[in-house]
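*Asks:* sequence isn't available, so here's the structure alone:
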């Protein structure tokens, strides 16, 4: 993926949506997910709509929070960040306060790209980006393993990236 690619993150939940999405809306959103730099005129032409109504629709998506933000997606490998680690975390205690403390401690850490609560034997899964294995080892020893309430950390090193997308499956889910 090139460093200049732009994408739109969408947070689509039918129950939260104050609008019914038409096929035209879905077409527009799919185009925006692929390239947020695409002009309103180009989008309108592609979906066979005049520019003003197309602009109003996009403005409505932004106002409603359907479009969360527009970002540039950088090529991590070109920047020398070659390692992706999926770390599963098991806490000593899974009580509310312990969960809140862990979540607060990882929320603003730059190496942690994603954090999810999990079902099953692990409490969390982290996606960690590092320049190499030494950087990850240092991060693990000096930060992650120093957090209170950590019982177990299992590191799963990604070898080959087969797919990585920010696009939501609008065609099959809406």
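*Replies:* Done, it's in. Note that the structure is a prediction, hence the values are computed from the model and not measured. Numbers count the residues shown, from 1 in each chain.

*Asks:* residue 122 sits in which helix or strand?
*Replies:* Using DSSP states H and E, residue 122 is not contained in any helix or strand.

*Asks:* distance check, residue 60 against residue 83.
*Replies:* Separation of residue 60 from residue 83 (CB to CB, to the nearest Å): 41 Å. Just so you know, the C-beta spots here come from the backbone N, C-alpha and C atoms, and that holds for glycine as well.

*Asks:* the two - which one has more neighbours?
*Replies:* residue 83 (17 against 14; other CB atoms under 10 Å).

*Asks:* number of nearby residues for the nearest residue to residue 109 once chain neighbours are set aside?
*Replies:* Nearest non-adjacent residue to residue 109, counting by CB to CB, 6 or more residues apart in numbering: residue 143, 7.0 Å away. By the measure other CB under 10 Å, the count of residues near residue 143 is 14.

*Asks:* pretty sure residue 143 sits against residue 110.
*Replies:* No: between residue 143 and residue 110 there is no contact under CB atoms under 8 Å: 10.6 Å.

*Asks:* report pLDDT for residue 9.
*Replies:* Here, the pLDDT recorded for residue 9 equals 47.

*Asks:* so the spatially closest residue to residue 92 that is not a sequence neighbour: helix, strand or coil?
*Replies:* Nearest non-adjacent residue to residue 92, counting by CB to CB, 6+ apart: residue 151, 4.5 Å away. For residue 151, the assignment made with DSSP: H, G, I helix; E, B strand; the rest coil gives strand.

*Asks:* and residue 68, by the same measure?
*Replies:* strand.

*Asks:* so what's the residue count around the nearest residue to residue 93 once chain neighbours are set aside?
*Replies:* Nearest non-adjacent residue to residue 93, counting by CB to CB, 6+ apart: residue 149, 5.9 Å away. Residues lying near residue 149 (other CB under 10 Å) number 18.

*Asks:* so who does residue 149 touch?
*Replies:* Shown in contact with residue 149 (CB atoms under 8 Å, 6 or more residues apart in numbering): 91, 92, 93, 98, 101, 102.

*Asks:* going by distance to residue 36, which of the residues you listed wins?
*Replies:* residue 102 (33.1 Å; CB to CB).

*Asks:* doesn't residue 147 make contact with that closest one?
*Replies:* Yes: the criterion here is CB under 8 Å, and residue 102 meets it with residue 147 at 6.7 Å.

*Asks:* is residue 157 bridged to anything, and to what?
*Replies:* residue 85 (DSSP bridges).
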